[in-house]
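Peer 1: with the sequence up front, the predicted model follows.
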Amino acid sequence: MKSIALRFTFVFLFCSFIVLVTRGASNPVHLRCEHMEHPLGIDAVQPRFSWQMEDPAQGARQTAYQVLVDVDSTGVLSGKASAWNSGRVTGTDNLVTYSGAALRPFTRYFWKVVLWNGSGQRSVSKIHAFETGMMGIHNWRGSWISDGHDETFLPAGYFRKAFQAGKKIRSARVYIAAAGLYELYMNGDKISNHRLDPMYTRFDRRILYVTHDVTHQLQQGSNAIGVLLGNGWYNHQSIGVWNFDRAPWRARPAFCLDLRITYTDGTTEIITSGTDWKTGSGGLTFNSIYTAEHYDFRKEQPGWNKATFDDTKWSNAQLRTAPAPQIVAQVMQPIRNVERIPAKSVRKFSDTCYVYDLGRNIAGVSQISLKGPAGTVLRLRHAERLYPDGHTDLSNIDVYHRPRDQNDPFQTDIITLSGRGTETFMPRFNYKGFQYVEVTSSKPVHLDKESLTGFFMHSDVAATGKISSSNPLIDRLWWATNNSYLSNLFGYPTDCPQREKNGWTGDGHFAIETGLYNFDAITVYEKWLADHRDEQQPNGVLPDIIPTGGWGYGTANGTDWTSTIAIIPWNIYQFYGDSKLLLDSYEHIKRYVGYVEQGSKGYLTSFGRGDWVPVKTSSSLEYTSSVYFYTDALILSKAAKLFRRAEDQRRYETLAKNIREAINKKYFRPAEISYASGTQTEMSMALQWGIVPEAYRLKLARRLAEKVASDGMHLDVGVLGAKAILNALSENGEAETAYKLAAQDTYPSWGWWIANGATTLYENWNIQAERDISLNHMMFGEIGGWFFKGLAGIRTDESRPGFRHILFKPNFVTALSHFEGSHDGPRGTIRSEWKRRGNTIEYTIVVPANSTATVFLPLKSGQSAWLGRKQVLSDFEVAAGKHVFEIRTP
């Protein structure tokens, strides 16, 4: 008994010691390099490192950090890193830029973070790694090759090379750049689960390359590499109104490849693309990113990507000039088949016609598995809606397709069976927007519900936001908004995944806050703004759609759309605290603002598209375009201040001031407390973008609320008003009206779509509209960000961005009994939750470690706020940790 008691005492004391030790621990977690975890093949000469501090203690903060980088993990472990040792740096920074010895190409680096908390306790992260890539076009050894056909040739090009690996392999990397799209194979195995690599760019100016770790697919002895090329946006064989078939870069797809093999003896061998590669054909007889794919199973060449394949009948590849002067690393979240969606139902019309319903609208592809006689031709027609008779209706999305003949039907895959057992088809180089798939067959086939599956494809960005409320409509609307956002994220933001797939600039910046509250999408936006810089003309003008083959440099590609060049970098800076994109874009913003200024008259401009697809009332084009002109100039002045460019700061502060004064002089009507003709959009934009004089701000918000009420608590806005109206109301004392608009479920409203079965956002408030009626559009998507701002009240602090300091400005609207919003920011999870308990509102916030916050409580007359037993003011600062408040009503 005595020994048992002693053993118990020892265990108790040991556990108590562990608790005491861990209670004060502040662990560095969520390490990222270039905003990626363990990135492979980066070109950045000064990569960015970031981390979070994991510490649930109240007031937890970082007081110092140290970053160590070395080519040897033991150097990082020992604290004697040779590449970079930042030393102990005092401060709360959790995003730093490499400042060590020049990085070498094709090199794996290890790194870790040491941090010290407020008690001076030191903690060390796990070791992470990143790997450099080419780091310059001069390091490529391979040649650009193609198959010798011209851009009109329809079948896809198949390429292969057999080779020997004579020694034991330690590691192997493939670096591949493609003009077009590719799939990579090694000894018959498809490499990676990426889809549609490389991402779409302005191909004659910049092409991306991707790095793959193929160590485990290679073997000592005989090997074979296979590359299948797709057209993508490089060789647009389908015809649409956007003229991509006339793009200046258009040609037959080509690629350049280096396979670097490092053997266990330390030697390196490089297998390169060249004329010794063989090229042939296969089952992929046509592929279009815009329309569909055609596949003939009878033409497959089994084993074409294996070492044992007889390629004597294949031709030698031909050399091509490099398509672009810049070949740079693709460092971003890839596109993947992110979610598998089984068919919800199937309707059999006959043994040659079946219609599948996935139960929701998605962007992606369908996969079908079946048996059938050789030569059987199946057509898989993808649509967003059905005709009354149950067949698929493409009339809302095929309107801009201009086919030369009947051989390229819109969103219709065509497959021909070989008769050799069960055959499975899924497009490789295409995606579509759809909910329904109609399968028609030239001969009878047996299909059931399991024969066809949908795959939701998009850039595989991590979710960072979540909401939950007492109103199921609000929760469903948030879900639908995210569905549309992801459906329109394919290495760049698009307008819709079916009719156009274009990178409309306006749609991109209207939804930027929705994107950043809900997803970790910085790498996609950094790539897209590089596309902006590629597309910008010397005079500063930008096209409506980016990238473009030339369409969009017209007369309406103005500030309300192309302000992406300023608005997106500024928002990235606000959300991430990372100024690199803003700095990279700075001179381009100056050129853009200069172009608009040159064409303006009296600091006003009509350069723009206006409030696109309004419910019924149009707004002044000069007014709305000038508001965005002001916004661009103001952002530019703030960026100049940040980068300590005093002369620029003075110039653009003055320009912004002059634009604002000109807008107010011409359009503000103080007697009526209104702007221009008094539309919802015009008043909302004055509030959202800070045009209205401060003395009239709350009065204008009241006037706007009255206008909404007179419209039956319904929207009467287009895209510009939809971006502004909820913020204009909730940020200026009219949150009740904002919520009623957001939760409205009769026409016209966001909720009207949901009430009618929508699983995504639409392009038109009127679901019976004859045009502009895509059922998966993002241009009205600001509401997905407003839930976090207007209800949870989670906001960035412009003076301390990246949620270093958080502003909590919740609105406890009466129609909700509870609301919760959380956002995984650069410093950890931020949470804001409120619940009604009788006459009391319980408000809980979580401030992540190494952050602080200011809380603004919207107290009504007679209400008081309490933190524990202490009464607090309506606005006050708090440190990191969990804080629970009570708002009491007598």
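Peer 2: Arrived safely, thanks for sending. Residues are numbered from 1 along each chain as shown.
Peer 1: other SSEs contacting the helix or strand harbouring residue 260?
Peer 2: Element membership for residue 260 (DSSP states H and E) is strand 254-263. With contacts taken as 3 or more Cβ pairs under 8 Å, 6 or more residues apart in numbering; DSSP states H and E, strand 254-263 sits against strand 145-146, strand 169-179, strand 221-230, strand 268-272. In this view, the C-beta of every residue, glycine as well, is placed from N, C-alpha and C.
Peer 1: for residue 313, find the nearest of the ones you listed.
Peer 2: Nearest of those to residue 313, taken as Cβ to Cβ: strand 221-230 at 16.0 Å.
Peer 1: so what strands line up beside the closest one?
Peer 2: When pairs are called by DSSP bridges, strand 221-230 turns out to pair with strand 157-165 (antiparallel), strand 181-186 (antiparallel).
Peer 1: can you list the buried residues in that strand?
Peer 2: Within strand 221-230, the residues that qualify as buried are 223, 224, 225, 226, 227, 228, 229, 230, counting by 16 or more other Cβ atoms under 10 Å.
Peer 1: list the residues that contact the nearest residue to the fourth one once chain neighbours are set aside.
Peer 2: So the one you mean is residue 226. Spatial nearest neighbour of residue 226, excluding adjacent residues (Cβ to Cβ, 6 or more residues apart in numbering): residue 305 at 2.7 Å. Applying Cβ atoms under 8 Å, 6 or more residues apart in numbering to residue 305 gives the contacts 160, 185, 186, 187, 188, 224, 225, 226.
Peer 1: quick one: which of these is nearest residue 538?
Peer 2: residue 225 (41.3 Å).
Peer 1: what pairs with the closest one across the strands?
Peer 2: With DSSP bridges as the rule, residue 225 is bridged to residue 161, residue 186.
Peer 1: was I right about it contacting residue 188?
Peer 2: No - judged on Cβ atoms under 8 Å, residue 225 makes no contact with residue 188 at a distance of 10.6 Å.
Peer 1: per-residue pLDDT, residue 229?
Peer 2: If you check residue 229, the pLDDT there is 99.
Peer 1: which ones are touching it?
Peer 2: Applying Cβ under 8 Å, 6+ apart, we find residue 229 in contact with 146, 156, 157, 158, 159, 178, 180, 181, 182, 253, 254, 255.
Peer 1: redo the residues you listed as TSV? Include pLDDT.
Peer 2: Formatted as TSV, those follow (pLDDT from 0 to 100):
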residue	pLDDT
146	98
156	98
157	98
158	98
159	99
178	98
180	98
181	98
182	98
253	98
254	98
255	98
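Peer 1: for those residues, give me a markdown table that also has neighbour count and distance to residue 316.
Peer 2: Below are the contacts of residue 229 laid out as a markdown table (neighbours: other Cβ atoms under 10 Å; distance: Cβ to Cβ, whole Å):
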| residue | neighbour count | distance to residue 316 |
| --- | --- | --- |
| 146 | 21 | 11 |
| 156 | 26 | 18 |
| 157 | 27 | 13 |
| 158 | 24 | 13 |
| 159 | 26 | 10 |
| 178 | 27 | 19 |
| 180 | 26 | 20 |
| 181 | 27 | 23 |
| 182 | 26 | 19 |
| 253 | 26 | 17 |
| 254 | 28 | 14 |
| 255 | 29 | 15 |
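Peer 1: closest to residue 372 among these?
Peer 2: Proximity of those to residue 372 (Cβ to Cβ) peaks at residue 156, which lies at 22.9 Å.
Peer 1: burial count for the nearest residue to residue 594 once chain neighbours are set aside?
Peer 2: By the measure of Cβ to Cβ, 6+ apart, the closest residue to residue 594 outside its immediate chain neighbours is residue 540, 5.4 Å from it. By other Cβ atoms under 10 Å, 18 other residues sit near residue 540.
Peer 1: over to residue 206?
Peer 2: 19.
Peer 1: so for it, what's the pLDDT?
Peer 2: pLDDT for residue 206: 98.
Peer 1: okay, it and residue 541: tell me how far apart.
Peer 2: For residue 206, the distance to residue 541 (Cβ to Cβ, to the nearest Å) stands at 19 Å.
Peer 1: kindly report the same for residue 233.
Peer 2: Separation of residue 233 from residue 541 (Cβ to Cβ) stands at 22 Å.
Peer 1: rewinding a little: any idea of the angle the strand holding residue 260 forms with strand 169-179?
Peer 2: Using axes from the mean of the first three to the mean of the last three Cα atoms, to 10 degrees, the direction of strand 254-263 lies 170 degrees away from that of strand 169-179.
Peer 1: give me the nearest residue to residue 556, chain neighbours excluded.
Peer 2: residue 609 (4.7 Å).
Peer 1: what residues are up against that neighbour?
Peer 2: 506, 544, 556, 557, 558, 560, 561.
Peer 1: relative to residue 345, which of those is nearest.
Peer 2: Nearest to residue 345 among these is residue 506, at 36.6 Å by Cβ to Cβ.
Peer 1: skip the chain neighbours and tell me the closest residue to that closest one.
Peer 2: residue 561 (3.8 Å).
Peer 1: now a ChimeraX select for only the buried ones of the contacts of residue 609.
Peer 2: Buried members of the contacts of residue 609 can be picked out in ChimeraX with the line below, counting by 16+ other Cβ under 10 Å:
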select :506,544,556,557,558,560,561
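Peer 1: once you drop chain neighbours, what's closest to residue 487?
Peer 2: Leaving out its chain neighbours, residue 487 is closest to residue 363 (Cβ to Cβ, 6+ apart), at 3.7 Å.
Peer 1: which SSE is that neighbour in?
Peer 2: Here residue 363, judged by DSSP H and E, is contained in strand 353-370.
Peer 1: and stretch 434-452, how far apart are its ends?
Peer 2: Length of stretch 434-452, first residue to last, Cα to Cα, to the nearest Å: 14 Å.
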